[in-house]
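Asks: Please work out how this folds:
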Amino acid sequence: MNYFVDHKKKRIHKRQYAGDRCGFVGTPTDKREFIDCEKYIEQLEKEESYEKCPYCQSLQLTVKAHSNVQA
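Replies: Below is the predicted model of the structure:
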């Protein structure tokens with residue numbers, strides 16, 4: 001399954017890149033859908049005004065600053 005559809009927020013996520021920044025944590029499970037069909041995704045965008053999530057269209061990298069540790 002390539003896509004994760006959040007029907008509550010009308011947002012389409014790329015499943016393999018979806019993460020915390022996408023904001024779907026509060027979406028109930030009955031409003032979530034996992035699907036592979038590209039035509040269905042295009043239909044949601046054109047006919048139902050769904051949007052692709054800007055945060056999960058590519059790999060999310062998080063870089064954390066580490067304090068200087070002396071050995």
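
Asks: from here on, contacts and neighbour counts on C-alpha atoms
Replies: OK.

Asks: those strands in the protein, which residues are they?
Replies: 3-6, 11-14, 32-35, 51-52 (DSSP state E).

Asks: Any chance of the ones you listed in TSV with mean pLDDT and distance to Glu42 as columns?
Replies: Converted to TSV, these look like this (pLDDT from 0 to 100; distance: least, CA to CA, whole Å):
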stretch	mean pLDDT	distance to Glu42
strand 3-6	96	12
strand 11-14	96	10
strand 32-35	96	12
strand 51-52	96	10
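
Asks: nearest to Cys22, of those strands?
Replies: strand 11-14 (7.9 Å; CA to CA).

Asks: what pairs with the closest one, and is each one parallel or antiparallel?
Replies: Counting by DSSP bridges, the strands paired with strand 11-14 are strand 3-6 (antiparallel), strand 51-52 (parallel).

Asks: Which of those sits closest to Cys37?
Replies: Set against Cys37 and scored by CA to CA, the strands paired with strand 11-14 come closest in strand 3-6, at 8.3 Å.

Asks: Just checking the distance from that closest one to the centre of its chain.
Replies: Its chain's average C-alpha position is 7 Å from that of strand 3-6, according to CA atoms, centre = their mean, to the nearest Å.

Asks: next one: stretch 7-20
Replies: Its chain's average C-alpha position is 2 Å from that of stretch 7-20, according to CA atoms, centre = their mean.

Asks: tell me which residues of it are tucked away?
Replies: Buried residues in stretch 7-20, counted by 16 or more other CA atoms under 10 Å: 7, 10-15, 18-19.

Asks: Next: stretch 36-48.
Replies: Neighbour-count burial for stretch 36-48 flags 41, 44-45 (criterion: 16+ other CA under 10 Å).
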